[in-house]
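Engineer: here is a sequence together with a model predicted from it:
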Amino acid sequence: MTAAAGRGPWPGTDPLAAHLAVFDVVADTPAGVEGIPNLVHLPARGPVAGAVARTLAMLEDMPAGLEPHGWRLRPNPDADLRRARATVRADVEALVIAAQGYVGPLVVPVLGPWSLASRLWLPRGERVLADPVAARDLVESLVVGLREHVADVRRRLPGVEPVVLVSEPALADVVLGAVPTFSGRARLAAIENAVVREALRRLVTGLGSLRTGNSSGGPDDLRIHEVSAPRSADLPVGGAHHDLEIVLQVPADPVSVRLGASVGAGGVALDVTAAGAAVWEALAEAVEGAIRPWLGAIRSGRGSEAPGSEAIGAARAVERAWAAIGLQRAWLAGAVVTPASGIAGVTPERARAALRAAVDAARELAERAGT
């Protein structure tokens, strides 16, 4: 079924108001469209509420502190990390209130390990990205901490089916060697695709072993269960998928898309508002390999279109690109439409309109797919 979803970021500073807005738009969608609300995060609240801080708050046994140039690993957590943890707890509390009675999928966003490693500093010296051992430890710590975070959400909201959205905005810079050193006068060495892929596979495997039917934290949570088709039967089915749906959000370039599609995740998310033919061709390979496409097709910063025209324009653009790469029109029924990046920087009213446009665009695609 075609779906519309939020990705996580949202403008403003009130987590309850933000969650209520998201659920109001996507928890009650038209027939033929699945709405996927999300746990929000509000970066306007400051450094302790940004993507780096929120992910650090989930890490197991890797405390950090906030310094003028950013977050740095240290022996003990500082007051800023404690505030970041409190912020995550407050967001989950607001989610629980807004989601009362909701049953269905829920996006749980997190910053991916490579993007975190490119923004986090070692106790002394360079970025974590520069230390292969520290980068590997970061992945393992994130698996443990995120498993606990997801399990907590499921305990608090037994009716939800978490969809972990792992965001890797720095993936292209990591593999191209474009991440600056501490001084800014040079660039860190590129990380080989195989190393990047293996780390993401470990993350996906570690998270995927969380069983959706068991939230007790017992032995069943450690088993990997393979199913043949965790999503729309209209998509081609192939490969193994885990109980917990995991989506990897990547930059809109062919290398990143192919990397994201090769690590065992069930979906790949990217902005397609300016995607060229090479990006769509890489996405076509992913779709043919049974990867569900999450399409950031709604420009977050736009707001001058007449009601409905933005959604229709986005749906037409996706359909044209889809046809140009030779994908079956019926497979559009498996797409998930989202706002593009940047939604946290607009007004709450514009963010709500962008999410509504995503719902309407998903309905248009469902109709064009013949469902």
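Structural biologist: Okay, I see it. Residues are numbered from 1 along each chain as shown.
Engineer: check which residues of the strand or helix carrying Ala17 are buried.
Structural biologist: Under the criterion of DSSP states H and E, Ala17 resides in helix 15-26. Neighbour-count burial for helix 15-26, counted by 16 or more other Cβ atoms under 10 Å, picks out 15, 17-19, 21-23, 25-26. (Each C-beta comes from the backbone N, C-alpha and C, glycine too.)
Engineer: and for stretch 273-286?
Structural biologist: Residues of stretch 273-286 classed as buried under the neighbour-count rule (16+ other Cβ under 10 Å) are 273, 275, 279-284, 286.
Engineer: who's in contact with it?
Structural biologist: Residues outside stretch 273-286 that contact it (Cβ atoms under 8 Å, 6 or more residues apart in numbering) are 252-254, 257-258, 260-261, 268, 270, 272, 293, 296-299, 314, 317, 321-322, 324-327, 340.
Engineer: let's see which of these end up in strands.
Structural biologist: In this view, the contacts of stretch 273-286 that belong to strands under DSSP state E are 268, 270, 293, 296-298.
Engineer: and those residues as TSV, adding neighbour count?
Structural biologist: Converted to TSV, these look like this (neighbours: other Cβ atoms under 10 Å):
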residue	neighbour count
Val268	27
Leu270	25
Pro293	27
Gly296	25
Ala297	28
Ile298	27
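Engineer: tell me the one of the residues you listed nearest Pro109?
Structural biologist: Set against Pro109, the nearest of the ones in strands among the contacts of stretch 273-286 by Cβ to Cβ is Gly296 (13.4 Å).
Engineer: got the contact list for the closest one?
Structural biologist: Counting by Cβ under 8 Å, 6+ apart, the residues that Gly296 touches are 7, 269-273, 338-341.
Engineer: go again with 6 Å.
Structural biologist: 271, 338, 340 (Cβ atoms under 6 Å, 6 or more residues apart in numbering).
Engineer: which pLDDT value belongs to it?
Structural biologist: Gly296 is assigned a pLDDT of 98 by the prediction.
Engineer: thinking again about what came up before, got a PyMOL select line for the buried ones in the contacts of stretch 273-286?
Structural biologist: Burial among those is assessed by 16+ other Cβ under 10 Å; the matching PyMOL selection reads:
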select buried, resi 252+253+254+257+258+260+261+268+270+272+293+296+297+298+299+314+317+321+322+325+327+340
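Engineer: in helices, which of the contacts of stretch 273-286 fall?
Structural biologist: Using DSSP state H, the members of these that fall in helices are 254, 257-258, 260, 314, 317, 321-322, 324.
Engineer: low-confidence ranges, the stretch 101-250 of the chain, go.
Structural biologist: Scanning the stretch 101-250 of the chain for pLDDT under 70 picks out 209-243.
Engineer: show me where it has strands.
Structural biologist: In the stretch 101-250 of the chain, strands defined by DSSP state E, counting those that start in this stretch lie at 104-111, 160-167, 245-249, listed in chain order.
Engineer: any chance of those in TSV, plus mean neighbour count and distance to Arg83?
Structural biologist: Putting the strands of the stretch 101-250 of the chain into TSV (neighbours: other Cβ atoms under 10 Å; distance: least, Cβ to Cβ, whole Å) gives the following:
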stretch	mean neighbour count	distance to Arg83
strand 104-111	23	17
strand 160-167	23	22
strand 245-249	26	26
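Engineer: mind putting the ones you listed into TSV with distance to Pro180?
Structural biologist: Shown next, in TSV, are the strands of the stretch 101-250 of the chain (distance: least, Cβ to Cβ, whole Å):
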stretch	distance to Pro180
strand 104-111	18
strand 160-167	20
strand 245-249	22
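Engineer: if we can go back for a sec, just name the closest of the ones in strands among the contacts of stretch 273-286 to Arg85, please.
Structural biologist: Closest approach to Arg85 among the ones in strands among the contacts of stretch 273-286 (Cβ to Cβ): Gly296, at 29.1 Å.
Engineer: is the closest one bridged to anything, and to what?
Structural biologist: Judged by DSSP bridges, the bridge partners of Gly296 are Asp271, Thr338.
Engineer: and the residue lying closest to Asp173 once chain neighbours are set aside, backbone torsions?
Structural biologist: Closest residue to Asp173 apart from its sequence neighbours, by Cβ to Cβ, 6 or more residues apart in numbering: Val179 at 5.0 Å. Val179 has phi and psi values of phi -80, psi 120 when expressed as degrees, to the nearest 10.
Engineer: circling back: out of the buried residues of helix 15-26, the closest to Arg368 would be?
Structural biologist: Val26 (20.3 Å).
Engineer: in TSV, list the contacts of Gly296 along with pLDDT and distance to Val88.
Structural biologist: Formatted as TSV, the contacts of Gly296 follow (pLDDT from 0 to 100; distance: Cβ to Cβ, whole Å):
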residue	pLDDT	distance to Val88
Asp271	98	26
Thr338	98	22
Ala340	96	25
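Engineer: residues contacting the closest residue to Arg187 other than its chain neighbours?
Structural biologist: Leaving aside its chain neighbours, Arg187 sits nearest to Gly177 (5.4 Å; criterion: Cβ to Cβ, 6+ apart). Taking Cβ under 6 Å, 6+ apart, we find Gly177 in contact with 187, 189-190.
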